[in-house]
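In: Need a 3D model of the sequence below.
(one chain, ligands or ions: 3)
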Amino acid sequence: PYVNTKDILEKANKEYYAVAAFNINNLEFLQAIVEGGIEKKSPLIIETSEGAMKYAGMGDPLRGASLFVKMVREFADSLDIPIALHLDHGKNFKYIISAIKAGYSSVMIDASDKPLEENIKTTKDIVRIAHAAGVSVEAELGKLAGIEDNVASSESVLVNPDEAKYFVEETQVDFLAPAIGTSHGAFKFKGEAKLDFDRLKKVKELTKMPLVLHGASSVVQEMVEIAENYGADFGGSKGVPSDILKETVRLGINKVNTDTDLRMAFVAGLREFLQNNPKEFDPRKYMGTAKTYVKKVVSDRLELLGSANKA
Ligand SMILES: O=C(COP(=O)(O)O)N(O)CCCCO
Ligand code: NA
Ligand SMILES: [Zn+2]
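Out: Ligands and ions are numbered 1, 2, ... in the order given. As a prediction, this is how the structure comes out:
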């Protein structure tokens with residue numbers, strides 16, 4: 001069934017596991033993710049960025065949002081696993097309202113680059129509107145390093161746990177993304193991978209609410225090798241190691257945003273197939289391996305996060 005993200009995350013919060021939130025821009029990634037969820041009998045959170053809404057809607061974000069709601073609902077309404085649709089990194093009021101109007105389960109208001117009081121004010125505005133429409137809300141505190149979609153945040157600003165408690169009390173958000181040292185993309189760490197577990201622990205103790213990890217892709221070595229075998233150059237790529245990811249779940253992370261790992265798996269499959277099948281031009285065939293690899297990465301992640309058999 002098509003459900004509210006909050007329902008999925010409240011259960012995960014109670015039972016101390018995490019649910020992956022996978023980004024999509026098209027049908028093929030959605031198919032591969034749903035197949036992984038079916039295989040693992042796992043709840044799924046599908047998420048789209050504002051760029052994805054524009055991309056799918058050919059420039060019209062409301063049309064894009066409506067298309068994603070229709071696609072996701074079509075799958076969700078016909079399956080036993082709970083599926084939610086979430087707007088990732090909502091920064092633009094128009095896009096957030098479009099997602100709510102189209103029927104998204106939840107929206108993120110990302111005002112993490114603003115001073116605290118402004119982040120609170122903006123977030124409160126969105127919470128009021130979203131909750132009136134039965135839509136749940138995610139917000140972010142602290143700043144990831146790396147490129148956050150359209151905002152290049154130069155250095156990571158880690159969450160202040162006391163500020164987090166104040167923030168959630170003031171805003172009534174449903175789930176919170178505390179920055180604890182991750183960043184978006186395939187180049188997360190220069191040296192050793194390290195996250196601030198202590199801050200995470202404190203945020204969980206103080207808020208007791210579902211928490212979100214952004215920049216949580218692991219950069220799956222198997223996919224890097226296949227892609228590089230067929231012409232890709234992913235030198236220097238490094239993600240969040242599986243054992244570190246598991247520790248964040250043990251400490252209270254319940255939603256794990258994953259985009260880069262699926263992108264790398266898809267392109268690995270695409271490169272491999274195209275190189276080995278010069279005569280083929282049926283998209284169902286030349287995107288077949290790509291979808292299979294995405295499904296594999298999805299299934300492994302659902303297992304690792306503990307959401308398998310939790311549907
Ligand atoms: O936090 C994440 C996932 O980050 P990643 O998959 O790059 O680790 N997202 O919000 C997905 C969109 C960011 C661009 O990749
Ligand atoms: Na999000
Ligand atoms: Zn993110």
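In: With just CA atoms, put whichever strand or helix holds residue 52 into PDB.
Out: Using DSSP states H and E, residue 52 sits within helix 50-56. The C-alpha coordinates for helix 50-56 follow below in PDB (Å, rounded to 0.1, in the frame of the first residue of the first chain):
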ATOM      1  CA  GLU A  50      13.500  19.100  -7.000                       C
ATOM      2  CA  GLY A  51      15.700  18.500 -10.000                       C
ATOM      3  CA  ALA A  52      14.000  15.200 -10.600                       C
ATOM      4  CA  MET A  53      10.600  16.900 -10.500                       C
ATOM      5  CA  LYS A  54      11.700  19.300 -13.200                       C
ATOM      6  CA  TYR A  55      13.400  16.600 -15.200                       C
ATOM      7  CA  ALA A  56      10.300  14.300 -15.200                       C
END
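In: Do any residues in stretch 182-189 lie close to ligand 1?
Out: Yes. Counting by C-beta under 6 Å from any ligand atom, ligand 1 is contacted by stretch 182-189 at 184, 185. Backbone N, C-alpha and C define where each C-beta goes, glycine included.
In: And ligand 2, is that stretch touching that?
Out: No. Using C-beta under 5 Å from the ion, stretch 182-189 stays clear of ligand 2, with a minimum separation of 11.1 Å.
In: what about that stretch, distance to the chain center?
Out: Computed by C-alpha atoms, centre = their mean, to the nearest Å, the chain-centroid distance of stretch 182-189 equals 14 Å.
In: End to end on it, go ahead and measure it.
Out: Using C-alpha to C-alpha, to the nearest Å, the span of stretch 182-189 from its first residue to its last is 8 Å.
In: Which residues of the stretch 51-200 of the chain lie near ligand 1?
Out: So the stretch 51-200 of the chain meets ligand 1 at 88, 89, 149, 184, 185 (C-beta under 6 Å from any ligand atom).
In: Residue of the stretch 151-300 of the chain nearest ligand 3, please.
Out: Nearest to ligand 3 in the stretch 151-300 of the chain, going by C-beta to the ion, is residue 214, at a distance of 3.4 Å.
In: these two touch, right, that residue and residue 144?
Out: Yes. Counting by C-beta atoms under 8 Å, residue 214 touches residue 144, with 5.7 Å between them.
In: more neighbours, the two?
Out: Legend: neighbour count by other C-beta atoms under 10 Å for residue 214 and residue 144, higher for residue 214 (29 against 25).
In: partner residues bridging the spatially most central residue of the chain?
Out: For the chain, the residue nearest the mean C-alpha position is residue 257 (2.7 Å; C-alpha atoms, centre = their mean). Beta-bridge partners for residue 257, by DSSP bridges, are residue 21.
In: is it true that it touches residue 89?
Out: No. In this structure, residue 257 is not within contact of residue 89 by C-beta under 8 Å, at 9.2 Å.
In: Can you check which residues contact both of these two?
Out: Listed contacts common to residue 257 and residue 89 are nil; contacts here mean C-beta atoms under 8 Å, 6 or more residues apart in numbering.
In: which residues in the stretch 51-200 of the chain form strands?
Out: With DSSP state E, counting those that start in this stretch as the criterion, the stretch 51-200 of the chain has strands at 83-90, 106-109, 136-141, 147-148, 151-152, 175-178.
In: can I get those in TSV with mean pLDDT and mean neighbour count?
Out: Below are the strands of the stretch 51-200 of the chain laid out as TSV (pLDDT from 0 to 100; neighbours: other C-beta atoms under 10 Å):
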stretch	mean pLDDT	mean neighbour count
strand 83-90	98	27
strand 106-109	98	28
strand 136-141	98	27
strand 147-148	43	17
strand 151-152	48	11
strand 175-178	98	26
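In: one step back: how far away is the residue of the stretch 151-300 of the chain closest to ligand 3 from ligand 1?
Out: 3 Å (C-beta to the nearest ligand atom, to the nearest Å).
In: Repeat that for residue 295.
Out: In terms of C-beta to the nearest ligand atom, residue 295 sits 17 Å off from ligand 1.
In: now residue 104
Out: Distance of residue 104 to ligand 1, given as C-beta to the nearest ligand atom: 15 Å.
In: Next, count neighbours for that residue.
Out: Using other C-beta under 10 Å, the number of residues around residue 104 comes to 29.
In: For the helix holding residue 52, which residues meet the burial criterion?
Out: By 16 or more other C-beta atoms under 10 Å, the buried positions in helix 50-56 come out as 50, 51, 52, 53, 54, 56.
In: Pick out whichever of the residues you listed sits closest to residue 311.
Out: The closest of those to residue 311 turns out to be residue 52 (C-beta to C-beta; 24.9 Å).
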